[in-house]
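Mind looking at a prediction? Sequence and model below.
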There are 2 protein chains.
Amino acid sequence: MKQSDVIHVELGERRYPIYIGEDLLQQRDLIASHVVGSQVVVVTNETVAPLYLSQIMVSLAAKQRVTVVTLPDGEQYKTLETLGSIFDQVLTDRHNRTTTFIALGGGVVGDITGFAAACYQRGVDFIQVPTTLLAQVDSSVGGKTAVNHPLGKNMIGAFYQPKAVLIDTQTLSTLGDREFAAGMAEIIKYGLIADRPFYEWLLANKSLLKNRDSAALKRAITRSCELKAEVVASDERESGRRAILNLGHTFGHAIETFTGYGAWLHGEAVAAGMVLALKLSCVRGAATEQDLADLEAFLSYFGLPICAPADMSLGDFMSLMALDKKVHDGRLRFVLLKHLGSAIVVNDVTEQELSRIIA
Amino acid sequence: MKQSDVIHVELGERRYPIYIGEDLLQQRDLIASHVVGSQVVVVTNETVAPLYLSQIMVSLAAKQRVTVVTLPDGEQYKTLETLGSIFDQVLTDRHNRTTTFIALGGGVVGDITGFAAACYQRGVDFIQVPTTLLAQVDSSVGGKTAVNHPLGKNMIGAFYQPKAVLIDTQTLSTLGDREFAAGMAEIIKYGLIADRPFYEWLLANKSLLKNRDSAALKRAITRSCELKAEVVASDERESGRRAILNLGHTFGHAIETFTGYGAWLHGEAVAAGMVLALKLSCVRGAATEQDLADLEAFLSYFGLPICAPADMSLGDFMSLMALDKKVHDGRLRFVLLKHLGSAIVVNDVTEQELSRIIA
């Protein structure tokens, strides 16, 4: 494997590699080299298992005990109840503290598996094998794990870093268009908040990306992971700078809660949320109408929503956002652009300003 | 407050104080000084709430939002389901990331509240106010938090340190004899594994202790906390030395699982487990028949069990212990005495040796 295909998340003794390549699941030794003990728990879902589980199992053939937990597919299953069902199987099969959890699937599988690994016997190893574009550039990197609660998304969880992340870009060949687009929403976010040249490259290459050109995708994923790894290394537990990764998320989470988990994909809600964040940036003079039009055009090109649900009022937003983790002592925090390629967290947005962007 | 009443658990940036005194709940500013934000969640149970909740509430009168979660009393409620019910209330009351959880009660309340604090929005502050002797000398110090699973005790949890521990020895005045004795089992354990003079002092003062003499109790609690704090500081996540704190626990956990949570108190199971551990130490020549007789006499004086349940066979022990967190790659680990006042972890105990001590 070429050196350039590995990014490291620099977190001291919790440092870990992100491998990015076209055939990683075929490399039998790669996963096995990150499993220390003789026991493994593979958590996946009904959609992903028929596609990629057998490749993982080949890599784990030498292990003494391999338990496969297959979850139903969907955000609505990212709950404490599903977490409990994972522990039921893992304890029935008597896995001990030396076991390794492997998350094979999208963001839901990664988040719940990471949280299960964080809690099982107070913490066991885990490895992320994300199979959706969104999970590859977002949730599998950075150690945020969680399940949802009916009253709020990701309300129950842990910061818990994987031992390794394996991104096999071949898995994107089976991804549906809607899920693919949801991942592009997060990718364009990295450009907006942290890298203007990358943003402009994305705008210029949207057709290659939409056609899933292998080289273009690999470049987009690698740069996104680099940017996220760099931000996470500087602020693992989101006490400061890491919050810029949440551009569009305060609005997006409110949309997801309003519509019910699973109705909108996370990336779709973030897309509409980013448009709202850019409108707010325009109100404050930090972005231009042209910036807004460019973003809307890019998102629309991928079929992503650029408006909140029509029946969602300012009052709905206010009451749902008040529950957000990003609230600090009663003040809502928003990520806005400082300028294209740079973001800032503010806590002084007024209801009046919000009323100008939420019709 | 006198300097001598504070012990510090030395964990670098997670360093925290343990206050020990007779009237701590009366000191209005003490708890409040460790609550950073304006929101507080007090978790307690039906037994403790009528006795001490009002004192805590006086200390928190200036806080903006105080939610009280009152759990049913008992180990059988230390479950994922109860954890979920805590989150239901805390989210309904819209607590954010700046909230502080306070555990007011025994070990069950402390363990589940600590785990809830570890998971809520990926981690908020918490404070331990243990009201049982067992919790004061054991579970409230050291950062082990967890809930049980039907297939094993403390299987789901986190290492998560409190910001402070407040031990008000006055709370012991309302403690039942059985619960009081369960705490004495853990106290004698500290002498056995780490401090022979303390052990001998305990044996010599058992009558003062049984009569709940205030000065004797404070000395016993303080020395126990010092010993635990010192062991925890040297090995927070139990990768080595901390395991000596588990003297009697491999057997004890098996007894608890066998009898069903709540039938035996944790301290009672540990008492019977320590006798088995000492018998095993005798078999290996590391303890004498006199040591064993002294321990049995001390435990019996407090009404603690010194035998496993009569209907529990070697096979029961073997199959339940195989599930224990202390299993490493298929080998059971036991804590044995090296000599009185010093302990060692071994993984080479044979089934034959076990058959000699489990009739």
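All right, it came through fine.

and residue A:66, that's in a helix?
No. When classified by DSSP: H, G, I helix; E, B strand; the rest coil, residue A:66 is found to be strand rather than part of a helix.

what about it, neighbour count?
By the criterion of other C-beta atoms under 10 Å in any protein chain shown, residue A:66 has 18 neighbours. Heads up, the C-betas are built off the backbone N, CA and C, glycines and all.

That one and residue A:42 touch, don't they?
Yes. Assessed by C-beta atoms under 8 Å, residue A:66 is found in contact with residue A:42 at 6.7 Å.

joint contacts of these two?
Residues touching both residue A:66 and residue A:42 by C-beta atoms under 8 Å, 6 or more residues apart in numbering or on different chains: A:57, A:60.

Show the pLDDT at residue A:95.
For residue A:95, the pLDDT comes out at 94.

Now it: closest residue in space that isn't a chain neighbour?
The shortest distance from residue A:95 to any residue other than its chain neighbours is 5.1 Å, reached at residue A:39 (C-beta to C-beta, 6 or more residues apart in numbering or on different chains).

swap in residue A:232?
With C-beta to C-beta, 6+ apart as the criterion, residue A:232 has its nearest non-adjacent residue at 4.3 Å, and that residue is residue A:142.

quick one, phi/psi of the one you found?
Its backbone dihedrals place residue A:142 at phi 120, psi -10, with angles given as degrees, to the nearest 10.

Tell me which residues touch it, please.
Listed by C-beta under 8 Å, 6+ apart, the contact set of residue A:142 reads A:9, A:228-229, A:232, A:242, A:245.

Repeat that for residue A:15.
Per C-beta under 8 Å, 6+ apart, neighbours of residue A:15: A:8-9.

cutoff 6 Å now
residue A:8 (C-beta atoms under 6 Å, 6 or more residues apart in numbering or on different chains).

from the contacts of residue A:142, which is closest to chain B?
When the contacts of residue A:142 are compared for distance to chain B (C-beta to the nearest C-beta), residue A:242 comes out closest, at 11.8 Å.

For the closest one, which non-adjacent residue is spatially closest?
Once flanking residues are discounted, residue A:242 sits nearest to residue A:235: 4.0 Å by C-beta to C-beta, 6+ apart.

Enumerate every residue touching residue A:306.
Contacts for residue A:306 (C-beta under 6 Å, 6+ apart) come out as A:275, A:296, A:299.

Relative to chain B, how far out is the closest residue to the second one other than its chain neighbours?
What it means is residue A:296. In space, and not counting its chain neighbours, residue A:296 is closest to residue A:306: 4.8 Å by C-beta to C-beta, 6+ apart. Here the criterion is C-beta to the nearest C-beta, to the nearest Å. By it, residue A:306 lies 29 Å from chain B.

Residue A:344: what secondary structure?
The assignment at residue A:344 comes out as strand when based on three-state DSSP.

got a pLDDT number for it?
At residue A:344 the predicted local confidence, pLDDT, stands at 94.

what's in contact with the regular element (helix or strand) spanning residue A:215?
In this assignment (DSSP states H and E), residue A:215 forms part of helix A:214-234. The set of residues that contact helix A:214-234 without belonging to it, under C-beta under 6 Å, 6+ apart, is A:7, A:9-10, A:18, A:20, A:136-137, A:141-142, A:169, A:187, A:190, A:194, A:198, A:205, A:208-209, A:241-242, A:245.

quick one: which of those sit in strands?
Judged by DSSP state E, the contacts of helix A:214-234 include A:7, A:9, A:18, A:20 as members of strands.

quick one: which two of those residues are the most distant?
Spanning the widest gap among the ones in strands among the contacts of helix A:214-234 are A:9 and A:20, at 12.8 Å by C-beta to C-beta.

what's the residue of chain A most remote from its centre in contact with, if anything?
For chain A, the C-alpha lying farthest from the average C-alpha position belongs to residue A:64; by C-alpha atoms, centre = their mean, that distance is 31.8 Å. With C-beta under 6 Å, 6+ apart as the criterion, the residues that contact residue A:64 are residue A:38.

mind redoing it with 8 Å?
Residue A:64 sits next to A:38-39 when contact means C-beta under 8 Å, 6+ apart.

And residue A:173, by the same measure?
Residue A:173 makes contact with residue A:212, according to C-beta under 8 Å, 6+ apart.

quick one, phi psi at the residue nearest to residue A:274 when sequence neighbours are not counted?
Nearest residue to residue A:274 in three dimensions, chain neighbours excluded: residue A:248, at 3.4 Å (C-beta to C-beta, 6+ apart). Note on residue A:248: backbone dihedrals following degrees, to the nearest 10 are phi 80, psi -10.
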